[in-house]
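*Asks:* How does the following fold in three dimensions:
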Amino acid sequence: MDVKPNHSSVLTDPIPINKSRLGIPSGLFGYSQHDPSLSPSKRIKIPRRSLDDVRSNGWLDAMKASSPPRKKKEYNNSELVSNDCSTDTEDYRSWMLDYPSALDSFEQISIFARNKKVAIFLDYDGTLSPIVDNPDCAFMSEAMRATVRDVAKFFPTAIISGRSRDKVYELVRLTELYYAGSHGMDIIGPVSQTVPNGHSDCLISTNHQGKEVNLFQPAREFLPMIDEVFRLIVENTKEIKGSNVENHKFCVSVHYRNVEKQNWTTIAQSVHDILTNYPRLRLTHGRKVLEVRPVIDWNKGKAVEFLLESLGLTNKDDVLPIYIGDDTTDEDAFKVLRENNRGYGILVSPIRKQTNAFYSLREPNEVMKFLQLLVNWKKRQQG
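*Replies:* Presented below is the predicted three-dimensional model:
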């Protein structure tokens, strides 16, 4: 019998706690836990450096590599329609020999899933919703919402997003799920009898329905620093047309999707100049986005492991985790599932990419079809 999801909702964070109560394992941090530089400070003046910096350190190349051209898409009667046939190229078809369609391979997946507890992990942007120019308008369709709700009736289901936990809940609006924001640095999950992976910093809190949940925030000490860097990046990029900076609580996203390509170097240099003063923060690249994150040993893959352990689904042969995502940050989760054939990673992409996933889907509509197949398969299993 599958584990039923605890009907958890987004929750208000508890009253700020001191370091001794939090008990974050020192191995997660690359610095002294009592470093005074974590305290908010006055605005500092950022030195302007040569634009050659972001070229020599590879940032510009990484921005180009992580931002492949996308298909032009439009909406027709609430359905996503493609305006070109890039997914039908010989190059893409040859790539799919190594990463076949999860739809075409569903029978094989279902055979492996038979008599197993299936757990579903989903990215949001580009997976449950289309990629759009304005991140605030990345809405999932009502059909997708209904599908995800059905999935959660039969399988423990979690959304793991780079967005803040509160924001992704605001977009999804389903209380049946677990939520992990900021690339897994802000998790609400089921209350388990044992502390997952010895993480003594798990806090018991209550959601908006009054039910107990685990709150796990391994980077809580970085909150003042993240807020400070967010304000600096906003100030230093406000003159760059099309730039958009978001504070996702435990990370900062600098979107350059709407920035002219000739200005990519300028926006990267602005972020570079700021981060030279914050060695305890690191830069990662997503699809047309620069993300500033704490230097701790935590990512979406570790968030998957944490949630599996919270659900009591670790180190068991009868468990099959499935993770569906579309971006570079999802690769950490794909890698975790690929190790020892623990589960299936499914990459959502209309173009070929280097990936640790097992299967592929082209766009959110195919994600929805795959999830519907899972629900129908489970219904037949129970019938």
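
*Asks:* Every contact and neighbour count from this point should use C-alpha atoms.
*Replies:* Will do.

*Asks:* Return the distance of stretch 305-322 from the chain's centre.
*Replies:* Centroid separation for stretch 305-322 versus its chain: 19 Å, with CA atoms, centre = their mean, to the nearest Å.

*Asks:* now swap in stretch 141-155 and tell me
*Replies:* Between the centre of stretch 141-155 and the centre of its host chain there is 19 Å, according to CA atoms, centre = their mean.

*Asks:* how about it: buried residues?
*Replies:* If you call a residue buried by 16 or more other CA atoms under 10 Å, then stretch 141-155 has these buried ones: 141, 144, 145, 147, 148, 149, 150, 151, 152, 154, 155.

*Asks:* Just send these back as JSON lines, with pLDDT, secondary structure and distance to residue 218 too.
*Replies:* Listed next are the buried residues of stretch 141-155 as JSON lines, based on pLDDT from 0 to 100; DSSP: H, G, I helix; E, B strand; the rest coil; distance: CA to CA, whole Å:
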{"residue": "141", "pLDDT": "96", "secondary structure": "coil", "distance to residue 218": "32"}
{"residue": "144", "pLDDT": "98", "secondary structure": "helix", "distance to residue 218": "31"}
{"residue": "145", "pLDDT": "98", "secondary structure": "helix", "distance to residue 218": "29"}
{"residue": "147", "pLDDT": "98", "secondary structure": "helix", "distance to residue 218": "31"}
{"residue": "148", "pLDDT": "98", "secondary structure": "helix", "distance to residue 218": "28"}
{"residue": "149", "pLDDT": "97", "secondary structure": "helix", "distance to residue 218": "29"}
{"residue": "150", "pLDDT": "98", "secondary structure": "helix", "distance to residue 218": "31"}
{"residue": "151", "pLDDT": "98", "secondary structure": "helix", "distance to residue 218": "29"}
{"residue": "152", "pLDDT": "97", "secondary structure": "helix", "distance to residue 218": "26"}
{"residue": "154", "pLDDT": "97", "secondary structure": "helix", "distance to residue 218": "30"}
{"residue": "155", "pLDDT": "97", "secondary structure": "coil", "distance to residue 218": "26"}
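
*Asks:* so which of these comes closest to residue 253?
*Replies:* The nearest member of the buried residues of stretch 141-155 to residue 253, counting by CA to CA, is residue 141 at 24.1 Å.

*Asks:* Just give me the closest of the buried residues of stretch 141-155 to residue 267.
*Replies:* The shortest separation between residue 267 and any of the buried residues of stretch 141-155 is 32.5 Å, and it belongs to residue 141 (by CA to CA).

*Asks:* Just to check, that closest one is in contact with residue 129?
*Replies:* Yes. With contact defined as CA atoms under 8 Å, residue 141 reaches residue 129; the gap is 7.3 Å.

*Asks:* what are the ranges of the helices in the stretch 51-200 of the chain?
*Replies:* In order along the chain, the stretch 51-200 of the chain carries the following helices (DSSP state H, counting those that start in this stretch): 52-56, 59-65, 90-95, 106-113, 142-154, 165-172.

*Asks:* So in terms of bridging, what pairs with residue 119?
*Replies:* Residue 119 has these beta-bridge partners by DSSP bridges: residue 321.

*Asks:* For residue 331, which of the helices of the stretch 51-200 of the chain is the nearest?
*Replies:* Closest approach to residue 331 among these is made by helix 59-65 (14.9 Å; CA to CA).

*Asks:* residue ranges with poor pLDDT in the protein?
*Replies:* Residue ranges of the chain with pLDDT under 70: 1-57, 59, 65-88, 192-201, 205-210.

*Asks:* Distance check, the residue nearest the centre of the chain against residue 361.
*Replies:* Note on the chain: the residue nearest the mean C-alpha position is residue 161, at 2.9 Å, using CA atoms, centre = their mean. As for residue 161, its distance to residue 361 is 18 Å (criterion: CA to CA, to the nearest Å).

*Asks:* and if you look at residue 151?
*Replies:* Going from residue 151 to residue 361 by CA to CA gives 18 Å.

*Asks:* Same question for residue 110.
*Replies:* Remark: distance between residue 110 and residue 361 (CA to CA) = 16 Å.

*Asks:* Comparing these two, which residue is more hemmed in?
*Replies:* The residue with more neighbours, out of residue 110 and residue 361 and counting by other CA atoms under 10 Å, is residue 361; that gives 26 against 15.
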